[in-house]
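Novice: need a structure here:
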Amino acid sequence: MKVFNKFLFLFLFIIICSVQGQQIRPYTYAQLTAFFDAYPENDARAMVFVNLYIKKAKAEKNLSELIAGYDEAVYYEHSAERKIKYADSAVAVAIKANDPDEISMSYLKRGIVYYYNKRNYNKALQDYLRAFSYSKNTKDLYLYHKILYHLGMVKSYLGFYEEAAIHFKETLLYYEQELSCETDPNLRLNDQHGYLNSLYRLSTCYRNLKLYRQEDSLIDIGVKKVRNSDEFVQEFAYFQKAKGINSIRNGNLPLAEKYLKNAGRLLSKKEDFAAVATVYFYLGKLHMADGRQKKAVLYFHKVDSILNRFNFVTPEVVGNYKYLIQFAKDKGDDRLQLYYTNKLLRADSIITSDFSKLSAKLYREYQVNKLNESRDQLVKKHKYGNIFLILLIVCVALFFCYSLYRYRQREKLITTKYNDLLEKLKMPDEVKGDNLQENSNTVKGLYSEEAIAEIRKNLKVFEEKKQFLNKDLKLPDVARLINTHRSALSFVLNEHMNTTFTQYIKMLRIKYITKQLMENNIYLQYSMDTLAAECGMKNRIVFSNHFLEINGIRPTDFVKKRLQELEKR
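Specialist: Modelled structure (predicted):
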């Protein structure tokens, strides 16, 4: 059967290529959808047809279909980095279409990629809050409750279980009501997924609140709903995981092991490695409680391996390192103990950082409306107010004025730096401050003038081909690209171009990305991570620091000022 599917895919691919080359008969959106619908999530083979869908939408300037095409690309693309790029494009097109529901949904979907695929909770929350702000007046209740569900996920991650439970109760009630009247099979399936996930997340809130009877009741309902169903394998695995954790708490270790192993097997197939790490952690605790330390440590090592591989950590499994530290102590292995202690400290710092950043942002941007509503109700209820309320309002007003003053001062400084940079960009290359000048104090005689001229000529080709955008470039790499020795290249850069290799590459990359931000508006919609990747830099922090060093302004501030400038035109 697998061989047949491969031949069928090859046959369809040849047909598509033929259509592209000869333009015999363009496919409709429905036909292209039927092609890629045959593939499972994260199967890159579907991208052949998804790209045709996107190409068709671009040619027809059909914004709604173009957004749909980018959404499909996010679904089928396997690489998390490329998922983000497609999600960025969907957001940019939705903003261009100026449809609040489309904008809200595109931000929500990008937030989901950040949350589940990148484990970047801060960026996920930013997108969820943007989605929420655009959905306040929506008539699409499914969209609104989907956003509410994901905000509940962030609150649950932060440990605000009571507040997360309120969100999950609301989404659970919504999906339950929809299921009672929905007849369309596809919409009904979406509502079932929403119902089961809300049920499971609410049960985890109850567990963390030590409301075990309510938790057990919800889990039993979930298990009955998804038993023997191929459509809800992942949800079934979640409830199996929950049954396993509950069985550990109740002291039934053999039953707990059975549930957890079954959950781990199913979740591994779904590539839900965050959940798999949690399963392994509890299997490790189970074996530790049962006196099987060696087997327990094997599972704790598996958790460490997953956290290293996917570069994330969650509060639920951070205790994994405490067990590994104790294991190293028992072995008398100081080096291993130090290694796991550093791992625990790093994990703890990540969690602490997430808590401070996310919780501050959550209550600053999401709860402020609710606080204002409560204040207004108090004012109406108590006509003349009271001293405490007056003092509170005065303090808020003073704080607001101070913040506004600081904000305006900063904006003034940023505007000055932005205008200085624009003036610099308008100058010819030969009079700019960032061009590389001939060093008059060069060392003579080490290399011939012809050899130096050849290297400089080849560097020009290197720049024109934009080979400096390749990631992790080192001096020997560039020397090979321009057919010279690294010592010769270093000599020319240092003695004839008055720069270092690092500064040279840095300047080329920042100059390139600045030009793209000025000339190509789509780049203004990209995240800082995406912009960093576009110009070959390791991450957004390095990118931001280098951008500031070369241009005198942070890239986030540059993008904001550029967008403001374009809006005025």
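Novice: when you work out contacts or count neighbours from here on, use the C-alpha atoms and nothing else.
Specialist: Will do.
Novice: buried ones in stretch 406-420?
Specialist: 414-415, 417-418 (16 or more other Cα atoms under 10 Å).
Novice: save those as CSV, and put in secondary structure, pLDDT and distance to residue 186 too.
Specialist: Listed next are those as CSV, based on DSSP: H, G, I helix; E, B strand; the rest coil; pLDDT from 0 to 100; distance: Cα to Cα, whole Å:
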residue, secondary structure, pLDDT, distance to residue 186
414, helix, 84, 50
415, helix, 84, 51
417, helix, 85, 53
418, helix, 85, 50
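Novice: which secondary element of this protein has the worst mean pLDDT?
Specialist: helix 368-381 (a mean of 44; mean pLDDT, DSSP states H and E).
Novice: next SSE downstream of the host helix or strand of residue 275?
Specialist: Using DSSP states H and E, residue 275 maps to helix 273-289. Moving toward the C-terminus from helix 273-289, the next helix or strand (DSSP H and E) is helix 293-310.
Novice: and the contacts of the helix holding residue 275?
Specialist: 241, 245, 248, 253, 256-257, 260-261, 263-264, 267-268, 293, 295-300, 302-303, 306-307, 316-317, 320 (Cα atoms under 8 Å, 6 or more residues apart in numbering).
Novice: among those residues, name the buried ones.
Specialist: For those, buried by 16+ other Cα under 10 Å: 241, 245, 248, 253, 256-257, 260-261, 263-264, 267-268, 293, 296-300, 302-303, 306-307, 317, 320.
Novice: closest to the centroid, which residue in this structure?
Specialist: residue 114 (2.2 Å; Cα atoms, centre = their mean).
Novice: surely it and residue 108 touch.
Specialist: No. In this structure residue 114 lies outside contact range of residue 108 using Cα atoms under 8 Å: 9.9 Å.
Novice: so what's residue 132 up against?
Specialist: 104, 144, 147-148.
Novice: now the element after the helix or strand it falls within, going C-ward?
Specialist: Per DSSP H and E: residue 132 is located in helix 121-135. Remark: after helix 121-135, the chain's next helix or strand is helix 141-158, criterion DSSP H and E.
Novice: in the very next helix or strand once past that following helix, which residues are buried?
Specialist: Using DSSP H and E, the helix or strand that follows helix 141-158 in sequence is helix 161-181. Across helix 161-181, burial judged by 16+ other Cα under 10 Å covers 161-162, 164-165, 167-168, 171-172, 174-176, 178-179.
Novice: same check, this time on stretch 280-291
Specialist: 280-288.
Novice: okay, the residues you listed in a markdown table with pLDDT and distance to residue 486 next?
Specialist: Formatted as a markdown table, the buried residues of stretch 280-291 follow (pLDDT from 0 to 100; distance: Cα to Cα, whole Å):
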| residue | pLDDT | distance to residue 486 |
| --- | --- | --- |
| 280 | 93 | 48 |
| 281 | 92 | 49 |
| 282 | 93 | 52 |
| 283 | 92 | 53 |
| 284 | 92 | 51 |
| 285 | 90 | 54 |
| 286 | 89 | 56 |
| 287 | 91 | 55 |
| 288 | 88 | 55 |
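Novice: quick check, nearest of those residues to residue 544?
Specialist: Within the buried residues of stretch 280-291, proximity to residue 544 (Cα to Cα) peaks at residue 281, which comes in at 36.8 Å.
Novice: look up how far residue 338 lies from that closest one.
Specialist: Note on residue 281: its distance to residue 338, by Cα to Cα, to the nearest Å, is 21 Å.
Novice: what's the answer for residue 562, then?
Specialist: 48 Å.
Novice: got it, and residue 149?
Specialist: From residue 149 to residue 338 the distance is 40 Å (Cα to Cα).
Novice: same drill for the two, tell me which one is more crowded.
Specialist: residue 149 (25 against 14; other Cα atoms under 10 Å).
Novice: contacting residues for that one?
Specialist: 167-168, 171, 198.
Novice: state the pLDDT value of it.
Specialist: With respect to pLDDT, residue 149 scores 90.
Novice: repeat for the one 4 residues further on
Specialist: The model reports residue 153 with a pLDDT of 85.
Novice: show me what contacts the closest residue to it other than its chain neighbours?
Specialist: Leaving out its chain neighbours, the residue that sits closest to residue 153 by Cα to Cα, 6 or more residues apart in numbering is residue 164, at 7.0 Å. Applying Cα under 8 Å, 6+ apart to residue 164 gives the contacts 151-153, 155-156, 202, 205.
Novice: residues near residue 461, how many?
Specialist: That count, for residue 461 with other Cα under 10 Å as the rule, works out to 14.
Novice: where does it land on pLDDT?
Specialist: The per-residue pLDDT of residue 461 was computed as 92.
Novice: remind me which helix or strand it belongs to.
Specialist: Counting by DSSP H and E, residue 461 is found in helix 449-464.
Novice: just the buried positions in that helix, please.
Specialist: Those would be 452, 455-456, 458-459, for helix 449-464 by 16+ other Cα under 10 Å.
Novice: what is the nearest of those to residue 186?
Specialist: Nearest member of these to residue 186, counting by Cα to Cα, is residue 459, at 57.0 Å.
Novice: my guess is the closest one meets residue 483, correct?
Specialist: No. Between residue 459 and residue 483 there is no contact under Cα under 8 Å: 10.2 Å.
Novice: can you show me the helices along the stretch 351-500 of the chain?
Specialist: Assigned by DSSP state H, counting those that start in this stretch, the stretch 351-500 of the chain shows helices spanning 368-381, 387-426, 449-464, 475-481, 486-491.
Novice: what's next to the last one, contact-wise?
Specialist: Contacts to helix 486-491, defined as Cα under 8 Å, 6+ apart, come from residues 447, 455, 475-476, 478-480, 500-501.
Novice: out of the residues you listed, which are buried?
Specialist: Buried among the contacts of helix 486-491 (16+ other Cα under 10 Å): 455, 478-479, 501.
Novice: in those residues, find the pair that's most separated.
Specialist: Of all pairs in these, the most separated under Cα to Cα is 455 and 501 at 13.6 Å.
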